[in-house]
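K.L.:
3D, please:
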Amino acid sequence: MSTTARRSALVTGSTSGIGAAIARALAADGFHVVVTGRDKTRGDAVVAGIERAGGSADFLASDLAASPDEVRAFAGRAVATAGGHLDVLVHNAAVCPLATTTGLSDADLESALAVNVRAPHVLTAALAPAMAERGSGAIVVVIGSWMASVGHAFVGLYSATKAAEAQLARSWAAEFGPRGVRVNTVSPGATRTPINDADGDVVARMTAGIPAGRPGTPDDIAAAVAWVVSDRAAYMHGAEIAVDGGITSTRPA
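P.N.:
Residues are numbered from 1 along each chain as shown. Below you'll find the model as predicted:
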C-alpha cells in the first residue's frame, strides 16, 4: 500500500463492538476510515470519538441485506466518501440468528445469507478490482473460527455462513493475491461485546478453561486486524489467524 497518500479503509458493521474497535485502530494507524452501519447515531458517535483522538473518519449508512445492486451502489458511495480509492476493506458485519434448524424463520435465513455471505461477495467483486489495478490493497474477513468448525445446536446457519466466508477469503487470496491484493481472515473467539453483555456469565464460562482464561475484547481483535493490513504482514496471503485466547486449539472435542 502507498505510504505517501492518505490510506483509506471501509469497515462494515463498525458502529459498535468489534467493528468500532477496528475502525478506531485503523484510524490510529493513519487510515481515513469509512464507518458503516444502519444506525446513524451510533455511527456518528464512533466518528466523533475517532476525531477526538486525532483520527479521520466519516459515517456512511449501509444496509447489507439490501439487493446486490443496492450494495454495489453503496460500494461506489464508500469509494467516494473515502476520497476516490480504498486501500483496505474489512468484512466485519454479520447477523447471528439464535434458532434451531426447525425454528429458524425464513426472514432470518434470508438476512443471514445476505449479510454474512452475499454482501461480502458483492463488495469484494465491486472493490477488489480497483485495488488489483493499482497493485496494492488488503481485504480482511472477520469471522468466528471455532464456530465455523464446530457443530452448534442453536447457531447452525451462522456457523455455516462463517465457514463460507473463510473459504471465500482463501479463494479471494488465490484470485487477487497475484495482483497485489492480500486477503486474510481474522477469527475471533468468544468475545465480549455490547451485543452479548446480557450473556456475560455464559461467555465467562465458555472461556474459563482456555489458555487466556478470559473472554476476548474488541480491542484484541482490532489489534490483529490492524497488523494484518499493515506492511508488517506483507507476506501474509490466505491465512486464518485465530485471535481466540486458544479456544480453537485447546477446546475439548
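
K.L.:
longest strand of the chain?
P.N.:
Identified as the longest strand of the chain according to DSSP state E is strand 181-188.

K.L.:
which element follows that one toward the C-terminus?
P.N.:
Remark: after strand 181-188, the chain's next helix or strand is helix 200-207, criterion DSSP states H and E.

K.L.:
can you give me the offset of that next one from its chain's centre?
P.N.:
23 Å (CA atoms, centre = their mean, to the nearest Å).

K.L.:
Just the buried positions in it, please.
P.N.:
Of all the residues in helix 200-207, those buried under the rule 16 or more other CB atoms under 10 Å are 203, 206-207. Using the backbone N, CA and C atoms, a C-beta is placed for each residue, glycine as well.

K.L.:
Looking at these, which is nearest residue 84?
P.N.:
Checking those against residue 84 with CB to CB, the nearest one is residue 203 at 41.1 Å.

K.L.:
That closest one reaches residue 217, doesn't it?
P.N.:
No - contact criterion CB atoms under 8 Å: residue 203 and residue 217 do not qualify, at 11.1 Å.

K.L.:
and the helix or strand harbouring residue 47, what does it pack onto?
P.N.:
Here residue 47, judged by DSSP H and E, is contained in helix 40-52. Helix 40-52 is packed against helix 17-28, strand 32-37, strand 56-61, with contacts defined by 3 or more CB pairs under 8 Å, 6 or more residues apart in numbering; DSSP states H and E.

K.L.:
ok and it relative to strand 32-37, angle-wise?
P.N.:
With axes from the mean of the first three to the mean of the last three CA atoms, to 10 degrees applied, the angle from helix 40-52 to strand 32-37 works out at 160 degrees.

K.L.:
Offset the numbering so it begins at 58, please.
P.N.:
Fine by me, first position is 58 from now on; the one you just mentioned is helix 97-109.

K.L.:
I'd like the distance from helix 97-109 to the chain centre, please.
P.N.:
On CA atoms, centre = their mean, the centre of helix 97-109 falls 18 Å from the chain's centre.

K.L.:
quick one: buried residues of it?
P.N.:
Neighbour-count burial for helix 97-109 flags 99-100, 102-104, 106-107 (criterion: 16+ other CB under 10 Å).

K.L.:
Can you verify my assumption that residue 199 contacts residue 177?
P.N.:
No - using CB under 8 Å, residue 199 makes no contact with residue 177, being 10.1 Å away.

K.L.:
Could I get the full set of helices for the stretch 108-257 of the chain?
P.N.:
For the stretch 108-257 of the chain, the helices defined by DSSP state H, counting those that start in this stretch cover 125-138, 163-170, 176-191, 202-206, 213-233, 257-264.

K.L.:
packing partners for the very next helix or strand once past the last one?
P.N.:
Same thing as helix 257-264. Sequence-wise, the next helix or strand downstream of helix 257-264 (DSSP H and E) is helix 275-285. Contacts defined by 3+ CB pairs under 8 Å, 6+ apart place helix 275-285 against helix 74-85, strand 194-199, strand 238-245, strand 297-300.

K.L.:
Where does the prediction get shaky in the stretch 158-307 of the chain?
P.N.:
For the stretch 158-307 of the chain, the stretches flagged by pLDDT under 70 are 202-203, 249-257, 259.

K.L.:
and residue 219, how many residues sit next to it?
P.N.:
By the criterion of other CB atoms under 10 Å, residue 219 has 25 neighbours.

K.L.:
Would you mind measuring from the closest residue to it other than its chain neighbours to residue 137?
P.N.:
Spatially, and ignoring its direct neighbours in sequence, residue 219 is nearest to residue 205 (3.9 Å; CB to CB, 6 or more residues apart in numbering). Separation of residue 205 from residue 137 (CB to CB, to the nearest Å) stands at 34 Å.
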